[in-house]
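Enquirer: Pasted the sequence and its predicted model underneath.
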Amino acid sequence: MRRFHHAFLALLLITFHPPGLAEDRAVSSLGRIEPHNGIIRVAAPSGGTGAGSVIKSLLVKVGDWVEQDQIIAYLDSYNLRQTEVARLTAINTNAESELSRQKNLARTFANSKVNLDQATMTLDVAKADLAAARARLELSIVRAPLRAQVLEIHAEPGEIVGPEGIVDLGQTDRMYVVAEVYETDISLVKKGQGATIRAPAIDGELSGTVERVSLKVSRLDVLGDDPVSRTDARVVEVYILLDDSAAVATYTNMQVELEIRI
């Protein structure tokens, strides 16, 4: 079935299709392929070591799968923060020893309460300083927010982290087509409906199921090759989970044609 760019043509197809072939009625649209939850852009941690920092080392490459909280990269501030943690750990250990000594002296009544209180406060301050240093160290480490595949790398070792972040991740084991359905047709689309997807790079057809319909109306984003297509059209995004995600796992953002059976 050919692609329709005008909402009224889609409605004509639905309205005047022979009654005996109701099961073949469909809403046609364009769409794009994307992973579950879209593309996740991993930026550098905030708090003074974010954008503008330099990558010290990158531990992944395009195509790698990473687990949640796995380290992706270290920033150039890592060595300094690590040294700071080591120094404050030593101070904290010394403060613990001093407090223990003052407690032992207190049992023999050879120590004043003032010295014991001072040792307790010193240890509390040391613990707080060490916790802050560990937090600053964590800000020099870039971790994966979830299990996903590395789609693109934006900053290599020695490069400054820019607004585009460090890497793009995608959950390519669950691929979707995001269809842009004209607002005049969206009342016909329901969760659970089947869909057929086609694209020049895809061998044959793919199938999927409508999983979610967006709650807002937007402007048309995916444009076809029809010179008279409505570039100012209002559409609603419909998320279609593909039955065979592996077939398009490397095709993120590819434009496709699809039909949603109604």
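Expert: Now that the structure is in, tell me what you want to look at. Residues are numbered from 1 along each chain as shown.
Enquirer: Q70 contacts P145, correct?
Expert: No. When contacts are counted by C-beta atoms under 8 Å, Q70 is not listed as touching P145 (10.0 Å). To be clear about C-beta, it is placed using only N, CA and C from the backbone, and glycine gets the same treatment.
Enquirer: So which of the two has more stuff around it?
Expert: Between Q70 and P145, counted using other C-beta atoms under 10 Å, Q70 has the larger neighbour count: 15 against 12.
Enquirer: List phi and psi for the more buried one.
Expert: Backbone torsions of Q70, given as degrees, to the nearest 10, read phi -70, psi 140.
Enquirer: In space, what's closest to it - neighbours in sequence excluded?
Expert: Spatial nearest neighbour of Q70, excluding adjacent residues (C-beta to C-beta, 6 or more residues apart in numbering): A144 at 4.8 Å.
Enquirer: again, but for M254
Expert: Here the nearest residue to M254 in space, its sequence neighbours aside, is I33; by C-beta to C-beta, 6+ apart that works out to 4.7 Å.
Enquirer: same thing with E159?
Expert: Setting aside the residues directly before and after it, E159 is nearest to I55 in space (C-beta to C-beta, 6+ apart), at 5.7 Å.
Enquirer: swap in L130?
Expert: With sequence-adjacent residues excluded and distances taken as C-beta to C-beta, 6+ apart, L130 is closest to L88, at 4.4 Å.
Enquirer: Next, count neighbours for the residue nearest to Q70.
Expert: For A144, which is what you asked about, the neighbour count (other C-beta under 10 Å) is 20.
Enquirer: Run through the neighbouring helices and strands of the helix or strand containing L105.
Expert: L105 is part of helix 78-107 when elements are defined by DSSP states H and E. With contacts defined as 3 or more C-beta pairs under 8 Å, 6 or more residues apart in numbering; DSSP states H and E, the packing partners of helix 78-107 are helix 113-138.
Enquirer: what's the angle from the helix it packs on to helix 78-107?
Expert: Following axes from the mean of the first three to the mean of the last three C-alpha atoms, to 10 degrees, one obtains 160 degrees for the angle between helix 113-138 and helix 78-107.
Enquirer: residues of helix 113-138 that come out buried?
Expert: L116, A119, T122, L123, A126, D129, L130, A133, R136, L137 (16 or more other C-beta atoms under 10 Å).
Enquirer: strand partners of the following helix or strand past that helix, parallel vs antiparallel please.
Expert: With elements assigned by DSSP H and E, the helix or strand that comes after helix 113-138 is strand 141-143. In the sheet containing strand 141-143, the strands it pairs with under DSSP bridges are strand 71-75 (antiparallel).
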